[in-house]
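> Sequence first, then the predicted structure, then my questions.
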Amino acid sequence: MLRWIRTLVGDIVKDWRQFAHYVFWGAITAFLNLCLFFVLANWCGWNYALANVAAWVVYVVAAYFTNRWFVFHRRGDGAGAVWRGLRDFAGCRLGTCVLETALMALLVSGLGLPKNPVKIGASALSATINYIVSRFWIFSKVKREAKKYTDQG
């Protein structure tokens, strides 16, 4: 496991521009998510849960295409591949959203830890998982690139 982590970190350091683009575009789409939520919930009077879901859907679609075009430089592939990629991307994001929510429930409600630091930590964990899944599964140019992480003792 430790060898796998060292290899992964080494690859991220080696391809730091890609990681920097991921962080940059992630910040842009997160800002879009927040702005859309605030507009829908506060100015349009939508219920906060409905506003959150609508903002999340727009965020995921925007994040998918910015990651596809500007981070992982995937173009073409046909409409079927784009839709499959969007489905997988949204599924991963939904999975990490559930993980983040469960962690918050456990640590804030269960253990009484302060919500803001827990949210930051849970978001950092989610972003890390999302990057790894995006890089080695959803947008992988060569599927065997991920194999080097799974083949190690």
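Yes, it's here. As the structure is a computational prediction, the values presented were derived from the model and not from experiment. Numbers count the residues shown, from 1 in each chain.
> can you give me the helices for this protein?
Applying DSSP state H to the chain gives helices spanning 2-14, 16-38, 48-66, 78-104, 115-133, 144-150.
> which one of those helices lies closest to residue 72?
Residue 72 sits nearest to helix 16-38 of all the helices of the chain, at 7.3 Å, using C-beta to C-beta. Placement of C-beta: from N, CA and C, glycine included.
> and for the closest one, what are the contacting residues?
The contact list for helix 16-38 (C-beta atoms under 8 Å, 6 or more residues apart in numbering) reads 12, 51-52, 54-56, 58-59, 62-63, 66-67, 70-72, 127, 131, 134-135.
> One more pass at 10 Å, please.
The contact list for helix 16-38 (C-beta atoms under 10 Å, 6 or more residues apart in numbering) reads 11-13, 15, 44, 46, 48, 51-67, 69-73, 123, 127, 130-131, 134-135.
> Now residue 77: phi and psi?
Dihedral pair for residue 77: phi 80, psi -10, per degrees, to the nearest 10.
> ok, back up a step: of the contacts of helix 16-38, grab the buried ones for ChimeraX.
Filtering these down to the buried ones (16 or more other C-beta atoms under 10 Å) takes a single ChimeraX command:
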select :11,12,46,51,52,54,55,56,58,59,60,62,63,64,65,66,67,71,72,127,130,131,134,135
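> still on that earlier bit, in TSV, list the helices of the chain along with mean pLDDT.
As requested, the helices of the chain are exported to TSV (pLDDT from 0 to 100):
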stretch	mean pLDDT
helix 2-14	71
helix 16-38	89
helix 48-66	90
helix 78-104	88
helix 115-133	84
helix 144-150	47
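> Need the nearest residue in space to residue 41, chain neighbours excluded.
Closest residue to residue 41 in three dimensions, ignoring its sequence neighbours and counting by C-beta to C-beta, 6 or more residues apart in numbering: residue 51, at 3.9 Å.
> Now do that neighbour against residue 82, distance only.
To residue 82, residue 51 is 27 Å away according to C-beta to C-beta, to the nearest Å.
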